[in-house]
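Novice: Structure for the following, please:
(one chain, ligands or ions: 2)
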Amino acid sequence: MSTHSSIAQLIADQPTGTTVHVAGWVRTFRNNQFIALSDGSCQKTLQVVVDRDNLSEDVLKRITTGAAVTASGELIESQGRGQTIELKATEVEVVGDSNPEKYLLQPKKHSMEFMREVAHLRPRTNTFGAVLRIRHGVSMAIHQFFDERGFFYLHSPIITASDAEGAGETFQVTTLPLNDVPKTDDGEVDFKEDFFGKATNLTVSGQLEGELGALALSKIYTFGPTFRAENSNTTRHLAEFWMIEPEIAFADLKDDMDLAEDMLKYVVKYVMDRFPDELEFLEKRLLDEEKNKPVNKRSPMPLREKMAFILANDFQRLTYTEAIDILRNSKPNKKKKFQFPIDAWGADLQSEHERYLVEKHFKKPVILTDYPAEIKAFYMRMNDDGKTVAAMDILFPGIGEIVGGSQREERLDILLDRMKAFDIHPEEMEWFLDTRRYGSCKHAGFGLGFERLVLFVTGMQNIRDVIPFPRYPGSAEF
Ligand code: ATP
Ligand code: MN
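Specialist: Ligands and ions are numbered 1, 2, ... in the order given. Coordinates of the predicted model:
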């Protein structure tokens with residue numbers, strides 16, 4: 001049997017009365033007669049009704065959870081409940097056996113922690129199938145959004161000699177023998193001997209290269225893997241994650257915020273339009289999960305309502321300074337409920353503060369702008385007040401920061417001063433500074449954490465569960 005139809009196609013077209021071929025994996029085999037067959041093409045399984053009289057005992061025994069099976073027969077309207085069509089199979093072949101005793105994914109509810117241990121098999125489950133299909137949809141939506149608006153996809157390098165944030169926390173890339181590292185006369189590692197002739201690392205951001213692209217093609221975006229060796233064992237951080245970084249020339253912070261808000265809404269709408277079955281499933285899953293949580297820890301809206309709410313409302317825009325005032329006078333601050341109390345202007349906001357603003361105070365996505373220069377990166381544009389920069393962070397309910405962006409400092413002298421303040425050596429970034437020397441112009445961009453967006457549109461609770469094979473401290477399995 002060489003050509004077969006996907007279950008998604010059969011459910012969409014409903015070609016009842018015709019002979020069809022299908023191929024997939026057995027979810028369950030009920031009453032020695034009904035196979036729930038999944039090929040991963042959609043949320044639903046296809047009911048395959050086997051003809052017991054024409055099937056050997058041996059084949060019947062081999063139809064077990066996890067086995068790969070092909071089947072053919074007539075597609076008919078279903079007699080049973082829960083599905084509209086079913087396959088009346090005249091032929092069933094087990095092409096890949098499973099082992100009902102040893103197969104790790106027994107048809108029952110598993111914890112997310114267990115699923116991470118069997119991440120090689122979890123794509124076969126309802127939950128991860130839904131997440132992975134939506135994850136694909138989110139990336140398609142992002143490409144489509146930018147393409148429709150005349151942006152070019154720029155591939156920024158993964159191996160780089162610069163650390164865009166000046167923050168450290170990078171993974172080094174080297175071919176030097178670790179047990180016999182060449183040293184210079186003053187005892188330092190001699191990176192001249194290394195593959196690239198200098199110290200290199202995996203990129204933490206494609207932004208600097210993105211700026212080079214934007215100052216030539218006007219509108220670009222990057223979309224690639226990003227690596228941070230931060231030891232953050234949180235539900236929002238991965239060591240390897242994907243980032244989307246658009247960069248636009250002749251644009252300011254307002255253009256940047258408008259672009260980000262439009263993009264987020266575009267993606268949310270795309271997922272709602274394309275993945276109704278997945279969302280229905282994930283929403284129910286989340287509601288079940290939350291029954292075990294105390295009432296005040298539950299999300300105030302079911303998944304699809306939360307998504308519709310994003311589409312219906314403008315994001316709340318306010319400055320860091322305004323946010324500090326709100327936080328300073330907030331109940332949790334006065335009652336000393338914050339782990340990090342807010343007293344003075346200049347404090348970095350922690351996720352407890354961000355979540356207060358989004359979930360308690362405004363009850364919608366928030367864009368915070370104009371942060372103190374000291375707590376933001378060197379390349380952000382200095383405002384006229386001389387103490388804040390044209391930065392913006394977008395904060396989402398249940399997630400916290402989803403986007404971080406800014407208008408860039410396009411004035412060479414000010415940029416050089418800022419680099420000095422951050423102890424960044426200009427001679428190592430001459431190539432970057434050239435954009436400010438030749439045809440500099442105002443420009444802006446942002447970074448969107450891809451997995452954080454997938455978290456939002458799937459209602460999953462841990463970022464490790466929205467990437468096929470998560471990398472985090474102590475784990476690089478599969
Ligand atoms: P956070 O404060 O949450 O650590 P950040 O300020 O380090 O974020 P940026 O450097 O601005 O984040 O990166 C841009 C975006 O990339 C963030 O808004 C977030 O969505 C995402 N992001 C940052 N770090 C991670 C990570 N370790 N894992 C997954 N996504 C991340
Ligand atoms: Mn971070």
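
Novice: separation between the residue lying farthest from the centre of the chain and ligand 1?
Specialist: Relative to the centre of the chain, the most outlying C-alpha is that of residue 53, 48.9 Å out, by CA atoms, centre = their mean. In this structure, residue 53 lies at 55 Å from ligand 1, with CB to the nearest ligand atom, to the nearest Å as the measure. C-betas here are computed from N, CA, C, even on glycine.

Novice: With residue 156 instead?
Specialist: For residue 156, the distance to ligand 1 (CB to the nearest ligand atom) stands at 14 Å.

Novice: Next to ligand 1, which bits of this structure? Give me the list.
Specialist: Of all the residues in the chain, those in contact range of ligand 1 (CB under 6 Å from any ligand atom) are 165, 228, 230, 236-238, 241, 243, 401-404, 447, 449, 451-452, 463.

Novice: Of these, which belong to strands?
Specialist: 241, 243, 401-404, 447, 449 (DSSP state E).

Novice: May I see the residues you listed arranged in CSV, with pLDDT, distance to residue 81 and neighbour count as well?
Specialist: What follows is those, written out as CSV (pLDDT from 0 to 100; distance: CB to CB, whole Å; neighbours: other CB atoms under 10 Å):
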residue, pLDDT, distance to residue 81, neighbour count
241, 98, 42, 20
243, 98, 45, 23
401, 94, 45, 17
402, 96, 40, 22
403, 98, 44, 24
404, 97, 49, 19
447, 98, 47, 25
449, 98, 41, 22
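
Novice: Checking the residue farthest from the centre of the chain next. Helix, strand or coil?
Specialist: For residue 53, the secondary structure call by DSSP: H, G, I helix; E, B strand; the rest coil comes out as helix.

Novice: Show me what counts as buried in stretch 231-238.
Specialist: For stretch 231-238, the buried set under the neighbour-count rule, 16 or more other CB atoms under 10 Å, comprises 236-238.

Novice: so residue 358 touches residue 366, yeah?
Specialist: Yes: using CB atoms under 8 Å, residue 358 is in contact with residue 366, at 5.1 Å.

Novice: quick one: common contacting residues for those two?
Specialist: Here residue 358 and residue 366 have residue 395 as joint contacts, going by CB atoms under 8 Å, 6 or more residues apart in numbering.

Novice: all helices for the stretch 1-150 of the chain, in order.
Specialist: Under the criterion DSSP state H, counting those that start in this stretch, helices of the stretch 1-150 of the chain are mapped to 7-13, 57-62, 112-117, 126-148.

Novice: need these in JSON lines with distance to residue 309 and mean neighbour count, can you?
Specialist: Shown next, in JSON lines, are those (distance: least, CB to CB, whole Å; neighbours: other CB atoms under 10 Å):
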{"stretch": "helix 7-13", "distance to residue 309": "29", "mean neighbour count": "17"}
{"stretch": "helix 57-62", "distance to residue 309": "49", "mean neighbour count": "13"}
{"stretch": "helix 112-117", "distance to residue 309": "25", "mean neighbour count": "14"}
{"stretch": "helix 126-148", "distance to residue 309": "18", "mean neighbour count": "19"}
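
Novice: Distance check, the residue of the chain found nearest ligand 1 against residue 467.
Specialist: Using CB to the nearest ligand atom, residue 449 is the residue of the chain that sits closest to ligand 1, at 2.3 Å. Spatial separation of residue 449 from residue 467 under the definition CB to CB, to the nearest Å is 11 Å.

Novice: any common contacting residues for the two?
Specialist: Residues within reach of residue 449 and of residue 467 at once, by CB under 8 Å, 6+ apart, are 241-242.

Novice: What is the neighbour count of residue 96?
Specialist: Summarising burial for residue 96: neighbours were counted as other CB atoms under 10 Å, giving 11.

Novice: picking that back up, from the buried residues of stretch 231-238, which is closest to residue 286?
Specialist: Comparing the buried residues of stretch 231-238 against residue 286 with CB to CB picks out residue 236 as the nearest, at 17.2 Å.
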